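Chemist: Sharing a model that was predicted from the sequence below.
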Amino acid sequence: MAIHNTPAGASEAELLAQVSKLKVNRLILGGALYNLGGEMVGSFGESPQLSLAQVKQADASFYQGSRYDVAWLADELGKDYTLILRHDTSFIRGELLAYIGRIAGLVVIISAFVTLVTMLVIEPLVITPILQLRKDLILAGEAASQEGETPEFYCSSIRRRDELGEVIMAFKQMFYQVHQAIAQRKQAQKALKKLNEELEARVAERTAQLAKANAEIVALNERLKAENQYLLEIDQMKTDFLSTVSHELRTPLTSVLGFAKLIEKKLEDVIFPAVNTENRKTKRAVEQVGGNISIIVSEGERLTALINDVLDIAKMEAGKIEWKMEPLKIEEVIEHAIAATSALFQNKGLRLKQDLEPGLPEIIGDRNRLIQVLINLISNAVKFTPQGSVTCKLRKTNHHITISIIDTGIGITPENRSKVFDKFRQLGDTLTDRPTGTGLGLPICKQIVEYHGGQIWVESGLGKGSNFSFTLPLASGLSKNLPNFNLNTLLEQLQVSVSSSSESSQQPQKTILVVDDDAPIRTLLTQELEAHGYQIRQAKDGLEAIKQTKQAKPDLIVMDVMMPQMNGFDAAAVLKNDPQTQDIPIIILSIVEDQERGYRLGIDRYLNKPINTEVLLQNIDLLLSQVTSKREVLVVDEDVPTVRLLTEVLRTKGYNVTEAFNGQEFQEKMASVSPDLVIANTDLWQQSDVLKTLRFEKGMENVLFILLAGNKELGIGRVRK
């Protein structure tokens, strides 16, 4: 710009004149000159829109339409002035567009030339082979879709050794493999279709067969269900029949056996001593009569045992057995069984050997049921041992006790060993071909042993004797809530002590009411009880018993359960709920075994027919010695499970039980309850020093004390002043 050549010190007029010359340039339309003070020195042409103030704010340009204002600052000009020029940009756009057009035309020409050259050079080398490849691919695809055709693509005339040739060969190889795969797939599809058709035919055939078989199975299953239900009903009918028949047999058997024993006793005590036996015929007749009566009693007892077996198996099948599990020593069980079978050894002249391991721990079991098992096994051993011995062997093995009954008898054949525990399988037909018994003894033994968690088996050979063994688990860890004493021993000692105390005192004749719908049973009981000094009254049913009891209270009632008008349970419930009769002791004597129901009603004893005279008299003496049916028992022990168990057992036996768990409660309950019997732990008894206190208490001299010692033995006594 010419303004840069203005000499220093030039006047403003000179500067303005020089700037005005710029107008000759068509790009510049006008301008304005400003000094440093901000005053416009002069202007020419079209005045700019850009002001000096905008320039100072760093906005040094202004654009509007085709007009463009630009400021030239003093420091840029090297002068003390600021110049603002207005430019015309309209002709610049036209020239720019013309220039761009020329450039674009040149590019198009060059591109067309390059494209033409490329097409001329590449077409025969690339495009033509690719188009041929496309054509071959289409033809090959059409051929591949037609079965049995060979694609023309495989015979292509293109032969190249460059990269494109390799691509074509790769396509040919790939398509050949695809064609082969398609052909194989079609063959496989044909084979699969044929196989599917065959399978569908087979499935349809099998489906029809299965449908037919399923219908037959459903029908067979229904028949089996019906047969099974029928068998269950038959089995239940058999069980009910056995139970009913056995119960019905007990009623006449009770009379027969009871009168036979009564006749035998009177013959021996009264008649035979009065008969003159100097005459040989008379003596022989007396001996024959005595022997005949003994046979009747013996056979009656055997018949009773057989009926009991039938009842036991029926109850076991029905799940109605009442088990009394408690700690016990197996040696005591064996001792009772041997005592019960000692007469069998004497009659056959056999030797009994005992091989018992000493110091064995206790077991948990039902005492009477285990005695029943041993009696059965020992009796069988004696029965089938003509001569020799029977050995009772006891050993501890791991966590079990093993009891073995070994005989030197005729033995059992191998094929029959597995059958001896089957129900109704008589030992006679497997051993000697002489059937004896009902064939229920060993099955009952098996069920009893298995209920106790043990096993029973037999080892035998024909002519080599037999070894019947069974196991019982030890008591260790079975129950922490069971006491360390024998409940049966406690109850036996209790009965003996009470009975002995009653014998020492003179009592007036007691009246007993006998209630039974069977006249022979009433007669039998009357004769037995009158022979022991009791006065007897009779009633034939529950209603008559209640009527007689209210008219004149008896001292004790012996009552049957199954009676017309009113059964024994209902009659007992009426009497025990009447304040005037609730203290009368009641003994149930029946073929019905439902002790739990009886004790819930408040009866005092529950005995079963056939009548065991000794047991009946013992219980009558015990109950009458206690004056009243209410017997207060105080149980004292710091061990809560022991107290709870004793309470439960004694309450089922008809006792009223009060509990105490320490010495202070002991003394308080003694004063408030005034018990007839005290069962206490020895250590607690000594600590509380009760004896010294009770010696001076009035009325305590007749209290019976049973002490549970630490060595599991029982001490029994009374307070003495």
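Modeler: Looks like it came in fine. Numbers count the residues shown, from 1 in each chain.
Chemist: Quick check, central residue of the protein?
Modeler: Centre of the chain computed as the mean C-alpha position; nearest residue by Cα atoms, centre = their mean is residue 453, 18.1 Å away.
Chemist: Distance check, residue 46 against residue 662.
Modeler: 129 Å (Cβ to Cβ, to the nearest Å). C-beta here means a position set from N, CA and C on the backbone, and glycine is covered the same way.
Chemist: Residue 328 is in contact with residue 363, isn't it?
Modeler: Yes: with contact defined as Cβ atoms under 8 Å, residue 328 reaches residue 363; the gap is 6.4 Å.
Chemist: When these two are compared, which one has more neighbours?
Modeler: residue 363 (24 against 20; other Cβ atoms under 10 Å).
Chemist: what's near enough to touch the more buried one?
Modeler: Under the criterion of Cβ atoms under 8 Å, 6 or more residues apart in numbering, the contact list for residue 363 reads 327, 328, 329, 330, 401, 452, 472, 473, 474, 475.
Chemist: mind running it again at 7 Å?
Modeler: Neighbouring residues of residue 363 by Cβ atoms under 7 Å, 6 or more residues apart in numbering: 328, 330, 401, 472, 473, 474, 475.
Chemist: now do residue 453
Modeler: residue 473.
Chemist: now swap in residue 177 and tell me
Modeler: By Cβ under 7 Å, 6+ apart, the contact set of residue 177 is empty.
Chemist: So it belongs to a helix, correct?
Modeler: Yes: when DSSP: H, G, I helix; E, B strand; the rest coil is applied, residue 177 is found to be in a helix.
Chemist: how much space between it and residue 184?
Modeler: Residue 177 is 10 Å from residue 184, where distance means Cβ to Cβ.
Chemist: Tell me how many other residues surround residue 588.
Modeler: With neighbours defined by other Cβ under 10 Å, the count for residue 588 comes to 26.
Chemist: Now stretch 354-362: buried residues?
Modeler: Across stretch 354-362, burial judged by 16 or more other Cβ atoms under 10 Å covers residue 362.
Chemist: Any chance you could list what contacts that stretch?
Modeler: Contacts with stretch 354-362, where a contact means Cβ under 7 Å, 6+ apart, come from 327-331, 334, 391-396, 401, 474-476.
Chemist: before we move on, what about stretch 606-619?
Modeler: Under Cβ under 7 Å, 6+ apart, the answer for stretch 606-619 is 250-251, 253-254, 257-258, 261, 304, 495, 499, 528, 532, 587-591, 593, 595, 598-599, 605.
Chemist: could you redo the last one with a cut-off of 6 Å?
Modeler: 250, 253-254, 257-258, 304, 528, 588-589, 591, 595, 598, 605 (Cβ atoms under 6 Å, 6 or more residues apart in numbering).
Chemist: List buried residues within the residues you listed.
Modeler: Buried, going by 16+ other Cβ under 10 Å: 250, 253-254, 257-258, 304, 528, 588-589, 591, 595, 598, 605, out of the contacts of stretch 606-619.
Chemist: quick check: domain ranges of the chain?
Modeler: The chain breaks down into these domains under automatic domain parsing: 2-88, 194-296, 322-473, 510-626, 631-721.
Chemist: Format those as a markdown table; extra columns: distance to residue 134.
Modeler: Converted to a markdown table, these look like this (distance: least, Cβ to Cβ, whole Å):
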| stretch | distance to residue 134 |
| --- | --- |
| domain 2-88 | 58 |
| domain 194-296 | 38 |
| domain 322-473 | 89 |
| domain 510-626 | 102 |
| domain 631-721 | 100 |
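Chemist: May I see these arranged in a markdown table, with distance to residue 104 and mean pLDDT as well?
Modeler: Below are the domains of the chain laid out as a markdown table (distance: least, Cβ to Cβ, whole Å; pLDDT from 0 to 100):
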| stretch | distance to residue 104 | mean pLDDT |
| --- | --- | --- |
| domain 2-88 | 24 | 72 |
| domain 194-296 | 70 | 84 |
| domain 322-473 | 110 | 85 |
| domain 510-626 | 120 | 88 |
| domain 631-721 | 114 | 68 |
